[in-house]
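J.: Have a look at this prediction, sequence included:
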Amino acid sequence: MAKEREGKGQNDTNAQIITTDSGRIYQPKNLLSAISEIQQFYVIESKGQNIPAEFLTLERTLDFFKIGIKSGFHEGFALILLFPLFHFYLFPFVFHQLDLFSQILFGCIPYLPLIINTGMCSYISRYYVGNITRKGINSLLMGRALSLLVKAFLVYVVYLILFRISTPQNIWKFAVHFGSRAQEIYYGYLTIKPHLLPLATKSSLLMVLAAIFPYGSVYVLDLLHRYRIKRNSKIISA
């Protein structure tokens, strides 16, 4: 009988399987590892275990928040580095004879980290079901959204200031430092100046959408999930 009870306890899916040993708790270090940990929480909570939200301690919640900030920082940093290279040098002076498809293809390259990570953050919306997963996802997305929104604002402000100070006199003062290429630099800068604000607006709006879209997908899927639960409850009660 004792062996039989022990066997039942081991096979019971409602048995507590969460360890509280702090030495064994894995701390996520990047966006992918944070999503993987949220998947593990989802597996536990989807089995019906009612785990208090306090299980995800303040320290662990801040870990998710910091990972979100780092993710948004790296995405924004890559965009800031690649954006001027492609739109203010390669397209006007190197790729100016490309067809429309090639322009779209190469134009997406600066935004690839942003697009990929936004897709990953939207993917975890399907795990927004329990106390811990909700808390972890909210912390992760809040950190990422905050970082991207700040960067979107800074990018627009920097390009706006650059546009305002780019008078012909200031452009020429800058161009003369290039010696024999001064005239080429001067007219090249005048060529790209009208595109500064439109492209800065486009880039900033994309970062804002990347910050908001995962939140939108989380709450839409959560509403659908709650609706299905209510509908199934009504069917069962009927």
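T.: That came through, no problem.
J.: Alpha carbons of the helix or strand containing Phe106, in CSV - could you do that?
T.: Per DSSP states H and E, Phe106 falls inside helix 100-107. This file holds the C-alpha atoms of helix 100-107, laid out as CSV (Å, rounded to 0.1, in the frame of the first residue of the first chain):
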residue,chain,number,x,y,z
LEU,A,100,11.7,48.7,-56.5
PHE,A,101,11.9,45.1,-55.1
SER,A,102,15.6,45.5,-54.4
GLN,A,103,15.0,48.8,-52.6
ILE,A,104,12.4,47.2,-50.4
LEU,A,105,14.6,44.2,-49.7
PHE,A,106,17.7,46.3,-48.7
GLY,A,107,15.5,48.9,-47.0
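J.: neighbouring contacts of that helix?
T.: Here helix 100-107 makes contact (C-beta atoms under 8 Å, 6 or more residues apart in numbering) with Phe86, His87, Leu90, Phe91, Phe95, Leu98. For the C-beta atoms, the positions are set from N, CA and C on the backbone; glycine is no exception.
J.: Which stretches in the chain count as helices?
T.: Assigned by DSSP state H, the helices in the chain fall at 2-11, 31-46, 58-85, 100-107, 112-123, 131-165, 168-175, 182-192, 196-237.
J.: closest to Pro52 out of these?
T.: Across the helices of the chain, Pro52 has its closest neighbour in helix 131-165 (6.4 Å, C-beta to C-beta).
J.: tell me which residues of the closest one are tucked away?
T.: Going by neighbour count (16 or more other C-beta atoms under 10 Å), the buried part of helix 131-165 is 131-145, 147-152, 155-156, 159.
J.: swap in stretch 80-89?
T.: Across stretch 80-89, burial judged by 16+ other C-beta under 10 Å covers Leu82, Phe83, Pro84, Phe86, His87, Phe88.
J.: for the record, mean pLDDT for it?
T.: If you average the pLDDT over stretch 80-89, you get 76.
J.: Surely Val176 and Ala182 touch.
T.: Yes. With contacts counted by C-beta atoms under 8 Å, Val176 reaches Ala182, the gap being 4.9 Å.
J.: Which pLDDT value belongs to Pro52?
T.: Per-residue confidence at Pro52 stands at 79 (pLDDT).
J.: Make 57 the starting number, not 1.
T.: All right, first residue 57 from here; so that's Pro108.
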